[in-house]
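Asker: Predicted coordinates and the sequence they were generated for:
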Amino acid sequence: MLLSGNLDARGHPRVELTVRGPFGWSRVSAVVDTGFTGALSLPMTTIHRLGLRNHNIRPSILADGSIRTVYTYLVDVDWLGNTLPCEAFATEAADATIGAGLLRGRKLFIDYGEPQLVEIT
């Protein structure tokens, strides 16, 4: 299986994936962030729309070194031909993020030339 995407206007690698919860499913455009060690982060609007159940509260070290308490939620993710249960970190950001937790054991290819392609296999 192959998941493909492209670079957005700011040069961030981005792919679309389907996430599922008790209230249905949603296609989200997610930034691929290899510095994020979790599997997935989702905006609160998506969490509420899908009716996701709170799973945990965790301390999280942000990119700027600050520590913040973050809520996590259980979500199913359509990932390379399978549906995986996943712990998603809640974010106030507008973008979903795919992190190393989903990328482990996979290959990530990013072509910053033309056609600015992102592939995960």
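Answerer: Perfect, thanks for sending it. Residues are numbered from 1 along each chain as shown.
Asker: so what strands line up beside the worst-scoring helix or strand of the chain on mean pLDDT?
Answerer: One helix or strand of the chain scores below all others by mean pLDDT, DSSP states H and E: strand 53-61, with a mean of 90. Taking DSSP bridges as the criterion, strand 53-61 forms sheet pairs with strand 67-79 (antiparallel).
Asker: Give me the contact list for the partner strand.
Answerer: 3, 17-21, 39-40, 42, 47, 50, 52-62, 83-90, 102 (C-beta atoms under 8 Å, 6 or more residues apart in numbering). Placement of C-beta: from N, CA and C, glycine included.
Asker: Identify each buried residue in stretch 106-114, please.
Answerer: Leu108, Ile110 (16 or more other C-beta atoms under 10 Å).
Asker: how distant is it from the center of its chain?
Answerer: What separates the centre of stretch 106-114 from the centre of its chain is 17 Å, taken as C-alpha atoms, centre = their mean, to the nearest Å.
Asker: Quick one: mean pLDDT for it?
Answerer: Across stretch 106-114, pLDDT averages out at 95.
Asker: which residues are contacting it?
Answerer: Outside stretch 106-114, the residues touching it (C-beta under 8 Å, 6+ apart) are Leu7, Gly11, Pro13, Val32, Thr34, Leu80, Leu117, Val118, Glu119, Ile120, Thr121.
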